[in-house]
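Q: Structure here, sequence nowhere to be found:
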């Protein structure tokens, strides 16, 4: 589809404690689990590797999907999935982001095939402050910041080297781009999409249910 082999890595072993509904990947929205939404979105990929909690029953899936037991931390799960991946490019995607916009994936693939690492971002829309002991603190320049989304795209060998460095230095990060940047490798930013939000808190489920009723999005005009 993109002229290179693509492996999608989905860390889905989290317990979803903030959401309070059990393992988040199995929470249902619009008649299917968050993980099922993600697997459908990446049905085009050469292979999809998913990390699940130990003992979890995998959902029915296409032949390009393989399930693995996840690690203690998200980073551990991604490292395990990376060992199984064979694609030239890997896309790492949160199972808690059920809505994947094809145009964002197109932008990522265009950027990663020329630069080796790319992530989608969206602007910070709200006033951003640094709280001071529960009170309103200094306002930060929101124009200097961006919210990072997934999927994140990398040359597989670059991400493997970044994970190896992280193990050596005992570094724990919240996403793969941090590890690749620590390697000294530039990570390009591409425009994301607010519909690709992460289901984290109970109120996010209502937003997801509403969006599910109108999904998939209309294709972009040529």
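A: Ah, there it is. Treat the numbers as computed from the prediction; the structure is a model and nothing was measured.

Q: so where do the strands sit in the protein?
A: Taking DSSP state E, the strands of the chain run over residues 6-11, 28-29, 32-33, 47-52, 65-69, 89-92, 117-123, 128-129, 139-140, 146-148, 152-155, 188-191.

Q: Mind pulling up the pLDDT for the spatially most central residue of the chain?
A: Most central residue of the chain, judged by C-alpha distance to the mean C-alpha position with CA atoms, centre = their mean, is residue 93 at 2.6 Å. As predicted, residue 93 sits at a pLDDT of 98.

Q: Residue 217 too?
A: Reported pLDDT at residue 217 in the predicted model: 81.

Q: Count the neighbours of it for me.
A: Other residues within reach of residue 217, judged by other CB atoms under 10 Å, total 13. Every residue, glycine included, has its C-beta placed from N, CA and C.

Q: residues near the residue nearest to it when sequence neighbours are not counted, how many?
A: If you skip the residues right next to it in sequence, residue 217 has residue 101 as its closest partner in space, 6.4 Å away by CB to CB, 6 or more residues apart in numbering. A count of neighbours around residue 101, defined by other CB under 10 Å, yields 20.

Q: how near is the residue nearest to the centre of the chain to residue 53?
A: 17 Å (CB to CB, to the nearest Å).

Q: what's the answer for residue 89, then?
A: Using CB to CB, residue 89 is found at 27 Å from residue 53.

Q: Please enumerate the helices of the protein.
A: Counting by DSSP state H, the segments of the chain that form helices are 34-41, 74-84, 102-115, 156-169, 176-182, 202-212.

Q: tell me the angle of the fourth one relative to helix 102-115?
A: With axes from the mean of the first three to the mean of the last three CA atoms, to 10 degrees applied, the angle from helix 156-169 to helix 102-115 works out at 80 degrees.
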